[in-house]
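Undergrad: give me the fold of what follows.
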Amino acid sequence: MMTGFEWTPEKVEELTKFWASGLSASEIGRRMGITKNAVVGKVRRLNLAMRRAPAPPKRPASVVTLERLKADMCSWPTGEPGHPDFMFCGIPAVEGKPYCSEHCARAYIPSTRKRASAAA
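TA: Predicted structure coming up:
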């Protein structure tokens with residue numbers, strides 16, 4: 001990075017063009033030989049429109065998130081917690097159980113004692 005950087009009218013114009021083109025503060029800094037913080041500071045002092053992070057994509061109503069999960073719905077998780085694809089099965093649960101019949105079959109495996117006594 002360059003030391004002793006001075007905001008000349010030409011550099012301000014260059015910054016303004018880069019900012020308007022949608023480049024990130026980091027990329028502008030790399031191109032101008034200054035830090036990202038120098039870019040952000042000057043953008044604020046110039047009162048250029050601040051950009052916000054894009055909103056997360058809206059999920060279809062059919063996707064069951066924790067906020068949409070109800071007591072009578074299957075709470076079998078799919079995906080990785082904390083990732084955008086994390087959700088729950090959501091189809092009607094077996095009465096008295098937290099899962100649908102398909103997920104109950106996977107979750108509740110009879111003990112070996114019960115299987116042995118059932119076979120006898």
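Undergrad: quick check: phi and psi on His83?
TA: When quoted as degrees, to the nearest 10, the phi and psi of His83 stand at phi -100, psi 150.
Undergrad: how's this structure carved up into domains?
TA: Domain assignment for the chain by automatic domain parsing gives 1-54, 56-120.
Undergrad: what segments of the protein are strands?
TA: Under the criterion DSSP state E, strands of the chain are mapped to 77-78, 87-88.
Undergrad: now for these, which one comes closest to Arg106?
TA: Of all the strands of the chain, strand 77-78 sits nearest to Arg106, with 12.2 Å by C-beta to C-beta. In this view, the C-beta of every residue, glycine as well, is placed from N, C-alpha and C.
Undergrad: which neighbours in the sheet does the closest one have, and how are they oriented?
TA: Here strand 77-78 is paired, per DSSP bridges, with strand 87-88 (antiparallel).
Undergrad: starting at the chain centroid, how far to the partner strand?
TA: Averaging C-alpha positions (C-alpha atoms, centre = their mean, to the nearest Å) puts strand 87-88 15 Å from its chain's average.
Undergrad: name the residues that touch it?
TA: By C-beta atoms under 8 Å, 6 or more residues apart in numbering, the residues outside strand 87-88 that reach it are 59, 63-66, 69, 73-79.
Undergrad: give me the pLDDT for Ser21.
TA: With respect to pLDDT, Ser21 scores 89.
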